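K.L.:
can you look at this prediction? I've put the sequence above it.
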Amino acid sequence: MRIRLIAVGQRLQPWVDAGCEEYVKRLPREWNFELVALKAAARTEGKPAAAAMQAEARAVAGAIAAGSCRVMLDERGEQLTTTQLAGRLTRWQRDGRDVALIIGGADGLDPELRKTADETLALSQLTLPHGLARLLLVEQLYRAASVLQGHPYHRV
């Protein structure tokens, strides 16, 4: 199984990149994890946010490997505990498909792209900056992996 985190936004604070790099190093090698950062579409006066979201959706769609399970991150999605996320990871591994975890741009995910989701998950009902959402997701993937491996990182 390959897990690919596709996230809109390239210019993040150095602490976000450093944190993501640290947790990515800790992820199981058999996940073949890859973080793909896509350039956000320009948001200019007079150009509706929908046009930027559509441009970002095209870029995201182009980064998703054929046949991947599409998991969109959206505040209206299903909220999981870390243990439930570990169970979801086990299910994804059994399914044998690659997994694309998708974080949209500043205005979220284009509605047409959201319709293509196999699953929609929420990290929180809080509005999170995109860099923090990215870091939180990578940390939670590591934490879920530690649950699956019986590692003491995750304490209940």
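P.N.:
Thanks, I have the structure now. Numbering: from 1, shown residues only.
K.L.:
does the host helix or strand of residue 148 pack against any helices or strands, and if so which?
P.N.:
Secondary structure from DSSP states H and E places residue 148 in helix 130-149. If you count contacts as 3 or more C-beta pairs under 8 Å, 6 or more residues apart in numbering; DSSP states H and E, helix 130-149 packs onto strand 3-8, helix 14-26, helix 82-95, strand 99-103. (Each C-beta comes from the backbone N, C-alpha and C, glycine too.)
K.L.:
would JSON lines of these with mean neighbour count, distance to residue 139 and mean pLDDT be doable?
P.N.:
Below are those laid out as JSON lines (neighbours: other C-beta atoms under 10 Å; distance: least, C-beta to C-beta, whole Å; pLDDT from 0 to 100):
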{"stretch": "strand 3-8", "mean neighbour count": "24", "distance to residue 139": "12", "mean pLDDT": "96"}
{"stretch": "helix 14-26", "mean neighbour count": "14", "distance to residue 139": "5", "mean pLDDT": "95"}
{"stretch": "helix 82-95", "mean neighbour count": "15", "distance to residue 139": "10", "mean pLDDT": "95"}
{"stretch": "strand 99-103", "mean neighbour count": "25", "distance to residue 139": "13", "mean pLDDT": "97"}
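K.L.:
contacting residues for the residue sitting nearest the centre point of the chain?
P.N.:
The chain has residue 101 as the residue nearest its centroid, 3.7 Å off, counting by C-alpha atoms, centre = their mean. Neighbour list for residue 101: 3-6, 71, 73, 137 [criterion: C-beta atoms under 8 Å, 6 or more residues apart in numbering].
K.L.:
regarding this protein, what is its longest strand?
P.N.:
Determined from DSSP state E, the single longest strand within the chain is strand 69-79.
K.L.:
any idea of the angle it forms with helix 82-95?
P.N.:
Counting by axes from the mean of the first three to the mean of the last three C-alpha atoms, to 10 degrees, strand 69-79 points 160 degrees away from the direction of helix 82-95.
K.L.:
do you know how far the residue nearest to the centre of the chain is from residue 45?
P.N.:
32 Å (C-beta to C-beta, to the nearest Å).
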